[in-house]
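Novice: give me the fold of what follows.
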Amino acid sequence: MDLNIKGKTALITGGDSGIGRETAKFLAREGVNIILSDRKEGKDLSDAVTEVEKEAKDGATVVGIAADLSDNNEVLALAAKIDKDYGGAHIIFHSAGARGAAGDFLSLTDDDWMKTIDIDLLGSVRIARAFIPQMQKLKWGRMILVSSENAFQPYVEESPYNACKAAIINLSKCLSRSYSKENILFNCVSPAYIETPMTDAMMEELAKERDCSVEDAVKWFVKNERPHIAMQRRGKPEEVASVVAFLCSEQASYINGSNIRIDGGAVESAFG
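Specialist: Coordinates of the predicted model:
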């Protein structure tokens, strides 16, 4: 399908791996110029640029720019560089985030909460605040934020993450009501248990605790901790990326303020 976005420029945060990298590939194949961003320069980011470049069509360019999204000055510097060097970003896919502090609610301190909020919620706020003016200038924009099944079906050991992901859906809806008249659309996706570095680390830790292989840890986790995943497996990054790419497209011009769950049926309620 031609998504009618050839020649546009997309910033993908958390773009060095997982869902961010796979989304970059989808968009690059549509002729979109890609800017991959992650917290630090390094092999992961440079490897991602090389990998996405191989997928690029119709003269699309791919670059990597490091920025720590917990530092507003670095977010502003990132936005200024993209505006100066590339004329601004039409598309933002903000996939950077972290599980943050986890554990029994009473064991979590203010500092635990604030670190998670700073990365997961305020990171989205900073990105939106810095890049909406570019979309206003370009008179066209798509911003996709990443929530989670946790927003609808919270897990008791992840209360800060649960709260932040619910807030991101609310933020996206608020922004969609503010800027849609300027042809800037905001949506969320809510993945569940996808093969990403974050869930890889969780499964490696679980494998050590249970003295088993990572593969067996995944099977145990699905059966015991995520029994509502009807498909009984982890999702693949490309299964999320294909939905994100569509939301970035001209064909999605009447989808605004929505949240799309990509969760293999993980949320038990029909109305979550």
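Novice: which parts of the stretch 1-150 of the chain are strands?
Specialist: 9-13, 33-38, 62-66, 91-94, 141-146 (DSSP state E, counting those that start in this stretch).
Novice: can you list the residues that contact the shortest one?
Specialist: It stands for strand 91-94. With contact meaning Cβ atoms under 8 Å, 6 or more residues apart in numbering, strand 91-94 is reached by 5, 8-14, 20, 23, 27, 32, 123-124, 127-128, 131, 141-146, 244, 248. C-beta coordinates here come from the backbone N, C-alpha and C atoms, glycine included.
Novice: hmm, Ile168 is touching Ile144, no?
Specialist: No - contact criterion Cβ atoms under 8 Å: Ile168 and Ile144 do not qualify, at 10.9 Å.
Novice: show me which helix runs longest in the protein.
Specialist: If you go by DSSP state H, the chain has its longest helix at helix 159-179.
Novice: neighbouring strands for the helix or strand just after that one, and are they parallel or not?
Specialist: Beyond helix 159-179 in the direction of the C-terminus, DSSP states H and E gives the next helix or strand as strand 184-191. The strands that strand 184-191 pairs with in its sheet are strand 141-146 (parallel), strand 259-262 (parallel) (by DSSP bridges).
Novice: which stretch among these is buried most, on average?
Specialist: strand 141-146 (a mean of 26; mean count of other Cβ atoms under 10 Å).
Novice: hmm, back to that, ok, which of the strands of the stretch 1-150 of the chain comes nearest Gly103?
Specialist: Smallest distance to Gly103 across those (Cβ to Cβ): 22.8 Å, for strand 141-146.
Novice: any low-confidence regions in the stretch 101-250 of the chain?
Specialist: Within the stretch 101-250 of the chain, no range satisfies pLDDT under 70.
Novice: which non-adjacent residue is nearest Leu122?
Specialist: Closest residue to Leu122 apart from its sequence neighbours, by Cβ to Cβ, 6 or more residues apart in numbering: Ser70 at 7.6 Å.
Novice: tell me if I'm right that the one you found and Ile117 touch.
Specialist: No - with contacts counted by Cβ under 8 Å, Ser70 stays clear of Ile117, the gap being 10.4 Å.
Novice: so what's the residue count around Ile168?
Specialist: By other Cβ atoms under 10 Å, the residues close to Ile168 number 25.
Novice: and it, how far from Arg233?
Specialist: 25 Å (Cβ to Cβ, to the nearest Å).
Novice: swap in Asp263?
Specialist: Counting by Cβ to Cβ, the gap from Asp263 to Arg233 is 12 Å.
Novice: the two: which has the busier surroundings?
Specialist: For Asp263 versus Arg233, the count of surrounding residues by other Cβ under 10 Å is larger for Asp263: 25 against 14.
Novice: how much space separates the closest residue in space to the more buried one that isn't next to it in sequence from Ile168?
Specialist: Spatially, and ignoring its direct neighbours in sequence, Asp263 is nearest to Ala192 (3.3 Å; Cβ to Cβ, 6+ apart). Ala192 sits 15 Å away from Ile168, going by Cβ to Cβ.
Novice: how about Leu121?
Specialist: With the distance defined as Cβ to Cβ, Leu121 ends up 6 Å from Ile168.
Novice: number of residues surrounding His94?
Specialist: Number of residues near His94 (other Cβ under 10 Å) recorded here: 25.
Novice: wait, Glu239
Specialist: When neighbours are counted by other Cβ under 10 Å, Glu239 registers 16.
Novice: what kind of secondary structure is it in?
Specialist: With DSSP: H, G, I helix; E, B strand; the rest coil as the basis, Glu239 sits in helix.
Novice: how close does the nearest residue to Pro237 once chain neighbours are set aside sit to Glu51?
Specialist: Distances taken as Cβ to Cβ, 6+ apart put Glu22 closest to Pro237, at 4.1 Å, once the chain neighbours are dropped. To Glu51, Glu22 is 10 Å away according to Cβ to Cβ.
Novice: between the two, which one's more packed in?
Specialist: More crowded of Glu22 and Glu51, by other Cβ under 10 Å: Glu22, with 26 against 17.
Novice: domain map for the chain?
Specialist: 9-192+236-262, 196-234 (automatic domain parsing).
Novice: for the nearest residue to Asp2 once chain neighbours are set aside, what are its contacts?
Specialist: Of all residues not flanking Asp2 in the chain, Glu30 sits nearest, at 7.5 Å (Cβ to Cβ, 6+ apart). Applying Cβ under 8 Å, 6+ apart to Glu30 gives the contacts Asp2, Leu3, Ile5, Lys6, Lys57, Ala245, Ser249.
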